[in-house]
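Chemist: Below is the sequence, then the predicted model.
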Amino acid sequence: MADIDAAEFRTLYARCRHAAAAAGPLGSALDRIVPDRVVAAAAEVRTGTTVSLAAPVETAPGPDNPEPAGHRMTGTVAGEIDESGLQFARDRFAMNVHGDADSHLDALCHVIYNGTLFGGADAGMVKPEGAQTLSVALARDGIVGRGVLLDIPRLRGVPWLEPGEQVTAEELAAAEAAQGVRVGTGDLLFVRVGHRRRRAERGAWDAAAARAGLHPYAMDFVAERRVAVLGGDGNNDVAPSTTEDVAFPIHVLAVHAMGIHLLDYLQFEDLVPVCEQQRRWSFLCVVAPLRFSGATGSPVNPIAVM
């Protein structure tokens, strides 16, 4: 697929930004999840089945995870346990939130483009002590709405997309038709490329250098449908980038141009068989990031409720 030059990308960026502005006041796309849509999303629950969309947190280094999460016990472990009385096991956890292995949410302060944040906010508001604006605190009350999964390997008849392959807007529409579902305003859109299945069957690789993702023009579909959140089982961006001078065009278009929170490195391998069994690809989805003011993102464990 042909590369996108700098001029083409500027045009696409302007179109996405205009689409976001035309949808209403230039606030976070989360504003599209109004109470009535949450109530409607609750009607998606039919069997009470719950499925995690997060991958297990990994503490061992690997080709795609050179800085894994740190976990250590801080007290009352084997050798310290009394035979009587009360004690507590304790531990400590630390994570590089924006790595290439663990499931996480990107806050709107995560993407700095041409010296600014989303909506033209001053990037200088991202200070050493934390972001003073557009942090993950915007989602402090959780993200609850109608989730829709579009399975691109299923559409193509393959187990996964190979690193470097891109998902087009036309494929997103074709997946809708094939799965009998339609993405609408305020939905949480999840796009499966099969990253997790490939990793499980072939082993980890340097996903920072090579991964499947969305083609930048697929964001026209996202803008048209006015989604609230975009998530993928990879980084959402393809690597290597095919856009001149922009390594992460999907991040720029989604977060910076349209105010859409991204969910990166989710896993859909548990959800797909449930969707196939129930013959539907929409569900109630609950995402609860940590309440951490000033953070540029958060580990998350999104839950699909079928």
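Modeler: Perfect, I can see it now. Residues are numbered from 1 along each chain as shown.

Chemist: In space, not sequence, find me the middle residue of the protein.
Modeler: The chain has Leu263 as the residue nearest its centroid, 1.2 Å off, counting by Cα atoms, centre = their mean.

Chemist: and the helix or strand hosting that one, what other elements does it pack with?
Modeler: Here Leu263, judged by DSSP states H and E, is contained in strand 261-264. If contacts are counted by 3 or more Cβ pairs under 8 Å, 6 or more residues apart in numbering; DSSP states H and E, strand 261-264 sits against strand 104-106, strand 229-232. Using the backbone N, CA and C atoms, a C-beta is placed for each residue, glycine as well.

Chemist: okay, those strands in a markdown table with mean neighbour count, mean pLDDT and distance to Asp187 next?
Modeler: Converted to a markdown table, the helices and strands packed on strand 261-264 look like this (neighbours: other Cβ atoms under 10 Å; pLDDT from 0 to 100; distance: least, Cβ to Cβ, whole Å):
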| stretch | mean neighbour count | mean pLDDT | distance to Asp187 |
| --- | --- | --- | --- |
| strand 104-106 | 25 | 98 | 16 |
| strand 229-232 | 26 | 98 | 8 |
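
Chemist: Would you convert these into JSON lines that also reports distance to Val222?
Modeler: Converted to JSON lines, the helices and strands packed on strand 261-264 look like this (distance: least, Cβ to Cβ, whole Å):
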{"stretch": "strand 104-106", "distance to Val222": "15"}
{"stretch": "strand 229-232", "distance to Val222": "6"}
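
Chemist: Out of these, flag the one nearest Ala169.
Modeler: Set against Ala169 and scored by Cβ to Cβ, the helices and strands packed on strand 261-264 come closest in strand 229-232, at 13.1 Å.

Chemist: Now the following helix or strand past the closest one: buried residues?
Modeler: Next helix or strand after strand 229-232 toward the C-terminus (DSSP H and E): helix 249-251. The neighbour-count check on helix 249-251 (16 or more other Cβ atoms under 10 Å) flags Pro249, Ile250, His251 as buried.

Chemist: So what's the model's average confidence on helix 249-251?
Modeler: In this model, helix 249-251 has an average pLDDT of 98.

Chemist: what's the answer for stretch 260-272, then?
Modeler: Rounded mean pLDDT across stretch 260-272 is 98.

Chemist: Put the alpha carbons of that stretch into CSV.
Modeler: Output in CSV follows, covering the C-alpha atoms of stretch 260-272 (Å, rounded to 0.1, in the frame of the first residue of the first chain):
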residue,chain,number,x,y,z
ILE,A,260,-10.4,9.6,21.4
HIS,A,261,-8.8,7.6,24.1
LEU,A,262,-6.9,4.6,22.8
LEU,A,263,-6.7,1.1,24.4
ASP,A,264,-3.5,-0.7,23.3
TYR,A,265,-2.4,-4.3,23.5
LEU,A,266,-5.8,-5.8,24.6
GLN,A,267,-6.6,-9.4,23.9
PHE,A,268,-9.7,-10.7,22.2
GLU,A,269,-9.0,-14.5,22.1
ASP,A,270,-11.3,-15.2,24.9
LEU,A,271,-14.1,-12.9,23.6
VAL,A,272,-14.2,-14.2,20.0
